[in-house]
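Participant: Need a 3D model of the sequence below.
(2 chains)
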Amino acid sequence: MRYAMAVDTKKCVGCSDCVVACQTENDVPVGFCRDWVVEVTDGTYPQLETEIRSERCNHCDNSPCVRCCPTGASHYAEGGVVLVTHDECIGCGACIASCPYDARYPHPDGYVDKCTFCLHNRVEQGLDPACVSVCPTKCMYFGDLDDPNSPVSKVLKTRKFKTLIPEAGTKPQLYFLI
Amino acid sequence: MREELIVSGRMNHLVDPQLHIWHWQIPLYLFLGGLAAGILFFAALFTILGKEKEYPTAVKIAPFLTPFLLIVGLMALFIDLNHKLYFWRLYTVIRLESPMGWGAWTLMIVTPLAFIWCALNIKVIFPNWDWKYKWLYEVDAFLRKHIMVISWLMLIYSLILGVYTGILFSAFNARPLWNTSILGPLFLTSGLSTAAAAIIMMSKNEHERHKFARIDLMLIGIELFLIVHMFMGFLASAQVQIDAASLFLGGPYTTAFWLFVVTLGLAVPALLEFLEIKGFKMPLFIAPVLVIFGGLVFRFVIAYAGQASRWLY
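Facilitator: Numbering: from 1, shown residues only, chains lettered A, B, ... in the order given. Coordinates of the predicted model:
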């Protein structure tokens, strides 16, 4: 099993509903976020192009954060989801420094926090992660890459996609449809 | 003109707009750990070579600094932790792929060795020291009998500690400035150099001072060589490494690095030590103080600049 997510940059309007849904679902402390929206505008005026991406932890197959964790608090859970066990985390910050996507943050309670793909609170009950299910443009697809009929497998078969900084060697599992 | 504008809705404390998860504690610890590693290395080396009498400060006196250096360093590390009460989790697992993991275990071995070394030489500082209990005298005699084993252990583990202070950074490919394996040998050399400087300051024996001035001069030469290679590597690498090097080549850390680390911390003391070896009367403290100061600034500059270097996407 390999959980993954695809975000359609052609459909995302950058409304940040995914961010609010995540903060509500996961009790993310005020001022922090586990997912966020990035807008990249590039080109030469007037030929400008904007890409909007809803970003979060890439749940990498080769995660530098899991590798550098001195206590094993950062680990691969079911389906390759990268999680932090709070009472094993010493808050040393090594994983935060090791993430090329800066997807982790120090929780005010001391441990390091990040996106969980809502594994324990939603996915295990057969639901989609909060961000996916709330999206008003239905621009996100989640599921098991090993299952050819999952929404994410299906959309990756028919659309062109990219991942972020593949050259960092992290094998990210967050796909952006382009 | 082609333009690129990136706007992110993320503003996580200590992560945005620029990573600043590690503050003064980490570079201070790396400096103290490197200095302690260097002092223990020289003590072990000259014991193994049978030159305790020739270099008494290096073997018997300077090591008394190391328990303090290591304890202050460990306290800095502890202060840095955000989830302090769980620090013992470090010692419930052995994770060789995590530099911080094996670094924590290395400290667990080096720190007791530093205390043992001081205990064995306690009479140098306190001539009337009495262990009071018979069993303590028996432990003392046992350790003395195996001084060569202790020396070899200390030699190896002090080298591991010295290299580890650099590997801690170089293992992070997310921070292109740190992601060079040259940082391991570079921090080790810098740690040995600051240790040589500390020994020069403490020594009352001119022969020993000149020997360590020569050693320090050689180490400074190696450091300059490694720094040049570090920049050659960056500039011949991909864009993110070129950008990382530019932090020191016109970027915000240029003055701190070239003035305080390279000029005042390496070049000037090298010149002073060279003149002293050639027989010129030099003020005793200037060169070693500059070397130690340069080593401290070096750790800070690398720790802070590394967090400013990143991948852009």
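
Participant: Point out the residues in the stretch 201-313 of chain B that sit beside chain A.
Facilitator: Within the stretch 201-313 of chain B, the positions near chain A by CB under 8 Å from any CB of the partner chain are B:238, B:307, B:310-311, B:313. C-beta: built from backbone N, CA, C; applies to glycine.

Participant: switch the cut-off to 6 Å
Facilitator: B:311, B:313 (CB under 6 Å from any CB of the partner chain).

Participant: which stretches of the stretch 201-313 of chain B form helices?
Facilitator: Remark: helices assigned in the stretch 201-313 of chain B by DSSP state H, counting those that start in this stretch are B:206-235, B:239-246, B:254-255, B:268-277, B:286-308.

Participant: pLDDT at residue 151, what is it?
Facilitator: Going with chain A. A:Pro151 is assigned a pLDDT of 96 by the prediction.

Participant: oops, I was thinking of chain B
Facilitator: 97.

Participant: how much does whichever strand or helix holds it deviate in direction from helix B:286-308?
Facilitator: Secondary structure assignment for B:Ser151, by DSSP states H and E: helix B:147-170. Taking axes from the mean of the first three to the mean of the last three CA atoms, to 10 degrees, one finds that helix B:147-170 is oriented at 40 degrees with respect to helix B:286-308.

Participant: can you give me how far helix B:147-170 is from the chain middle?
Facilitator: In terms of CA atoms, centre = their mean, to the nearest Å, the centre of helix B:147-170 is set 11 Å apart from its chain centre.

Participant: Walking through chain A, point out its helices one by one.
Facilitator: For chain A, helices defined by DSSP state H occupy the ranges A:17-25, A:64-68, A:94-98, A:130-134, A:151-158.

Participant: Which among those helices is found nearest to B:Phe248?
Facilitator: Closest approach to B:Phe248 among these (CB to CB): helix A:94-98, 19.2 Å.

Participant: ok, back up a step: so does the helix holding B:Ser151 get close to chain A?
Facilitator: No. Helix B:147-170 stays clear of chain A (CB under 6 Å from any CB), getting no nearer than 8.2 Å.

Participant: buried residues in that helix?
Facilitator: For helix B:147-170, the neighbour count (16 or more other CB atoms under 10 Å in any protein chain shown) marks B:150-151, B:153-155, B:157-170 as buried.

Participant: So what touches that helix?
Facilitator: Here helix B:147-170 makes contact (CB atoms under 6 Å, 6 or more residues apart in numbering or on different chains) with B:30, B:33-34, B:37, B:40-41, B:44, B:47-48, B:99, B:103, B:106, B:109-110, B:113, B:178, B:180-181, B:183-184, B:186-188, B:191, B:306.

Participant: nearest residue to residue 18 other than its sequence neighbours?
Facilitator: Looking at chain A here, since you left the chain open. Nearest non-adjacent residue to A:Cys18, counting by CB to CB, 6 or more residues apart in numbering or on different chains: A:Cys131, 3.6 Å away.

Participant: Chain B, not that one
Facilitator: That would be B:Ala308: by CB to CB, 6+ apart, it lies 5.8 Å from B:Gln18.

Participant: Measure how buried the residue nearest to B:Trp131 when sequence neighbours are not counted is and give me the count.
Facilitator: Once flanking residues are discounted, B:Trp131 sits nearest to B:Tyr137: 5.3 Å by CB to CB, 6+ apart. Residue neighbour count, defined by other CB atoms under 10 Å in any protein chain shown, stands at 12 for B:Tyr137.

Participant: B:Tyr137 and B:Thr194, how far apart?
Facilitator: B:Tyr137 sits 36 Å away from B:Thr194, going by CB to CB, to the nearest Å.

Participant: re earlier: narrow the contacts of helix B:147-170 to just the buried residues.
Facilitator: Buried by 16+ other CB under 10 Å: B:30, B:33-34, B:37, B:40-41, B:44, B:47, B:99, B:103, B:106, B:110, B:113, B:178, B:180, B:183-184, B:186-188, B:191, B:306, out of the contacts of helix B:147-170.

Participant: Which strands and helices lie in contact with the helix or strand harbouring B:Ala197?
Facilitator: Here B:Ala197 sits within helix B:183-202, counting by DSSP H and E. Packing contacts for helix B:183-202, counted by 3 or more CB pairs under 6 Å, 6 or more residues apart in numbering or on different chains; DSSP states H and E, involve helix B:25-48, helix B:147-170, helix B:206-235, helix B:286-308.

Participant: Now do it against helix B:25-48, angle only.
Facilitator: Using the same axes, to 10 degrees: helix B:183-202 against helix B:25-48 is 70 degrees.

Participant: interface residues of the stretch 51-200 of chain B facing chain A?
Facilitator: Within the stretch 51-200 of chain B, the residues that sit near chain A (CB under 6 Å from any CB) are B:81-83, B:86-87, B:89-90, B:93, B:97-98, B:100-101, B:104, B:172, B:174.

Participant: From those residues, list just the buried residues.
Facilitator: B:81-83, B:86-87, B:89-90, B:98, B:100-101, B:104, B:172, B:174.

Participant: Near chain B, which residues of chain A? Just list them.
Facilitator: Residues of chain A lying near chain B (CB under 6 Å from any CB): A:32-33, A:36-42, A:44, A:67-72, A:88-94, A:96-100, A:102, A:105-106, A:110-111, A:164-165.

Participant: Do I have it right that A:Ser54 meets A:Asp8?
Facilitator: No. A:Ser54 is beyond contact range of A:Asp8, at 9.5 Å (criterion: CB atoms under 6 Å).

Participant: Give me the more crowded residue out of those two.
Facilitator: More crowded of A:Ser54 and A:Asp8, by other CB under 10 Å: A:Ser54, with 28 against 22.

Participant: okay, now A:Gly91: neighbour count?
Facilitator: A total of 23 residues lie near A:Gly91 under the criterion other CB under 10 Å.

Participant: so it touches B:His83, yeah?
Facilitator: Yes. Using CB under 6 Å, A:Gly91 is in contact with B:His83, at 3.5 Å.

Participant: what do the two both touch?
Facilitator: The contact lists of A:Gly91 and B:His83 share A:110-111, where a contact means CB under 6 Å, 6+ apart.
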